[in-house]
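Quick one, fold the following:
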Amino acid sequence: MKSRPAKTVWFTIAIASMSTIACVGHAQTPVPVSVVGSGTGAFLSAVPTDFADLSGTGTFSFGGLSLPYELTSGDVGGLMITNPGPPIVGDFSNLAAVVFSTPSGDIAMDYAGQVTLTPVDATNLTGVFIATFVPIVGSGTGVFSGVVGGQFEMTAIVAEPFVPRTDPTQIDGFSLDIPYTWSTTGGGGDFFTVVPEPSSLATAGLAAFPILAVRSRGSQFSV
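Residues are numbered from 1 along each chain as shown. As a prediction, the model looks like this:
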């Protein structure tokens, strides 16, 4: 049997506590995400290299917050027809990052998915776009600053018949300001992976150290 000085015990506890805080600080937590909104695409092109500006507003629900957002960057296009149909089926993706801007922070995302275009007459179509959105790591600010991964699936619907652009040089004969509505699919697959803010965890852990010191001061522990 031998005695170990109290200060040595305090030092050992402090190092163990800091190690625990460091591990927790890097823990990744899935946080549910829900998005609804509406907006307009400047046009919709059937040419893979042709992209149109996309704008919109809505509500971004994340971490218990329901945040109004505006799309400050975004586009729609990159359409690659995989089945001429009807209905026409194709793959699509973004060129510019889609940025959701809220009063509490912004997040930029990439997306890719599949579209089904249904003819309503000889020239007009309606569309259903289903895409997976993935956050761009490091782009988040404010409440999104801890986002390091995750994804969500969103369905966008173009219910009003439109005429697509079929040539990038075409200046008329196609629909402009095409209205979209969109929402996340819902369920456990819609989430962001978040790393808790290390500073708040460190503050909580360091606050406990004086208590450990007081309790161990003058005490002897036998091993």
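
State the distance from the spatially most central residue of the chain to Val195.
Compute the mean C-alpha point of the chain, and by C-alpha atoms, centre = their mean the closest residue is Pro135, 4.1 Å away. Remark: distance between Pro135 and Val195 (C-beta to C-beta, to the nearest Å) = 12 Å. All C-beta spots, glycine's among them, are computed from the backbone N, C-alpha and C.

Just give me the neighbour total for the residue lying closest to Gly58 once chain neighbours are set aside.
Using C-beta to C-beta, 6 or more residues apart in numbering and skipping the chain neighbours, the partner closest in space to Gly58 is Gly37 (2.3 Å). For Gly37, the count of nearby residues is 21 (other C-beta atoms under 10 Å).

Show me the helices in this structure, by range?
Using DSSP state H, the helices of the chain run over 6-25, 198-207, 209-216.

before we move on, back to that, so the residue nearest to Gly58 sits right up against Ser61, yeah?
No: at 11.4 Å, Gly37 does not count as touching Ser61 under the criterion of C-beta atoms under 8 Å.

Next up, the contacts around the residue nearest to the centre of the chain.
If a contact means C-beta atoms under 8 Å, 6 or more residues apart in numbering, then Pro135 has 107-109, 144, 147, 149-151, 192 as its contacts.

same deal with Phe144?
62, 105-107, 135, 192.

and it, how far is that from Gln28?
In terms of C-beta to C-beta, Phe144 sits 15 Å off from Gln28.

Out of the contacts of Pro135, which sit inside strands?
Among the contacts of Pro135, DSSP state E puts 107-109, 147, 149-151, 192 in strands.

Let me have the residues you listed in TSV, adding neighbour count as columns.
TSV is the format used below for these (neighbours: other C-beta atoms under 10 Å):
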residue	neighbour count
Ile107	26
Ala108	21
Met109	23
Val147	24
Gly149	14
Gly150	19
Gln151	17
Phe192	23
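
Give me the distance from stretch 77-85 to the chain's centre.
Centre-to-centre, stretch 77-85 and its host chain are 26 Å apart (C-alpha atoms, centre = their mean, to the nearest Å).

Mind listing what's buried along it?
77-79 (16 or more other C-beta atoms under 10 Å).

Quick check: can you list the domain ranges of this protein?
1-27+196-223, 29-195 (automatic domain parsing).

Would you single out the least confident of these?
Mean pLDDT is lowest for domain 1-27+196-223 out of the domains of the chain, coming in at a mean of 46.

separation between the nearest residue to Ser101 once chain neighbours are set aside and Pro164?
Leaving aside its sequence neighbours, Ser101 sits nearest to Thr72 (C-beta to C-beta, 6+ apart; 4.5 Å). To Pro164, Thr72 is 26 Å away according to C-beta to C-beta.

With Phe152 instead?
27 Å.

what do you get for Thr118?
Taking C-beta to C-beta, one finds Thr118 at 12 Å from Pro164.

For these two, indicate the residue with more neighbours.
Set Thr118 next to Pro164 and count neighbours by other C-beta under 10 Å: Pro164 wins out with 21 against 15.
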